[in-house]
Every structure is written in C-alpha cells, then in structure tokens.
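>>> for reference, the sequence and a predicted model appear below.
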Amino acid sequence: MVGCAKAVGLENAPARASVILASLPITGVAFTLADRYDVGQNETLSNILFGNVLVLPTTLSWVYFMDAVNLFETASFTASTSSTCS
C-alpha cells in the first residue's frame, strides 16, 4: 500500500491512513459469503479470531515503521495550557 499511496500522490496523513487501513483484516466479507453459501463457516470464524488478535500488533508495527523511516509524516500537536472555554 505504501507504493500505491506514493503512486497516486497521497501525502502525509491521508497516505498514512491508507496504509493503516490496508493492514486491517477483511474477514467480515469472507464470513458473510461463507454464511450465505453455507460453506467454511468454522474456518472463517477461526480466521476472524486470529485476524482480530493480530490486528493491534500489525497496526502498531506499521505506525512504528512509518515513524522510524519518516514515511508520511504527520503534523505534531502541542498541548495548549490556556483554555478558550470560560
């Protein structure tokens, strides 16, 4: 997805979001098809379980990697000490 983001000219936050979204599991669609055609439901449920268990470390790994190589930098936010609400 990194190559696709660069190929279409995405930069910074939109490119980072596309890479993170591409790392998420898509097993929900597979389960819908398995349920509809009554084939492979147990295998699909196992796939959903493992996909959900692995989604957090995979996503964190991609974020760490993009930060480590300064790929698709994001804006840094600073905390403000003054409140605009009274």
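Perfect, I can see it now.
>>> every contact and neighbour count from this point should use C-alpha atoms.
Noted.
>>> so, low pLDDT: which residues of the chain?
For the chain, the stretches with pLDDT under 70 are 75-86.
>>> how about the helices in it?
For the chain, the helices defined by DSSP state H occupy 2-7, 12-22, 27-37, 41-68.
>>> would CSV of those with mean neighbour count and distance to residue 74 be doable?
As requested, these are arranged in CSV below (neighbours: other Cα atoms under 10 Å; distance: least, Cα to Cα, whole Å):
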stretch, mean neighbour count, distance to residue 74
helix 2-7, 13, 15
helix 12-22, 16, 6
helix 27-37, 14, 29
helix 41-68, 14, 9
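>>> tell me the spacing between residue 58 and residue 39.
Residue 58 sits 28 Å away from residue 39, taking Cα to Cα, to the nearest Å as the criterion.
>>> make that residue 8, sorry
Distance of residue 8 to residue 39, computed by Cα to Cα: 38 Å.
>>> just want to know which of these two has more residues nearby.
Taking neighbours as other Cα atoms under 10 Å, residue 8 and residue 39 compare with residue 39 leading, 12 against 9.
>>> quick check: phi and psi on the more buried one?
Dihedral pair for residue 39: phi -140, psi 130, per degrees, to the nearest 10.
>>> tell me the spacing between it and residue 51.
19 Å.
>>> over to residue 13?
Distance, residue 13 to residue 51, by Cα to Cα: 25 Å.
>>> thank you, goodbye.
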